[in-house]
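K.L.:
give the three-dimensional model of this entry:
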Amino acid sequence: MEIRRLATEDVAVARALEHLLDGPARDDVTRRFLASPSHHWLVAYVDGQPAGFVTGVELTHPDKGTEMFLYELGVDAAFRHQGIGRQRRRRAA
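P.N.:
Predicted structure coming up:
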């Protein structure tokens, strides 16, 4: 499995992930999301195919500091129930 963080120039890549989103990605909004250093869009690829993604936004609060807010998670139906999430969690620990 390969994990890739999308960058500002990856609008076309984001459009190719629309089947994992709730609706079509708008180029202007996608560009704005990817341009922000506090926004994160990570895509998991299995054998070159997008298996899923996670988006997150860094939030800063005066008494808590900066934390990551998990915004959305999507997994392609073909890759569900294979333990990929559990495997990634074990590797991170």
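K.L.:
who does Gly74 bridge with?
P.N.:
As for beta bridges, Gly74 partners with Phe53 under DSSP bridges.
K.L.:
could you report the pLDDT at it?
P.N.:
Turning to Gly74, the model gives it a pLDDT of 88.
K.L.:
so it sits against Gly52, correct?
P.N.:
Yes - using Cβ atoms under 8 Å, Gly74 makes contact with Gly52 at a distance of 5.7 Å. For glycine as for every other residue, the C-beta is placed from the backbone atoms N, C-alpha and C.
K.L.:
of the two, which one has the most company?
P.N.:
Gly52 (22 against 16; other Cβ atoms under 10 Å).
K.L.:
circling back: now list whatever residues contact both of Gly74 and Gly52.
P.N.:
Leu20 (Cβ atoms under 8 Å, 6 or more residues apart in numbering).
K.L.:
do a quick rundown of the helices in this protein.
P.N.:
Per DSSP state H, the chain carries helices over the ranges 11-16, 27-35, 84-92.
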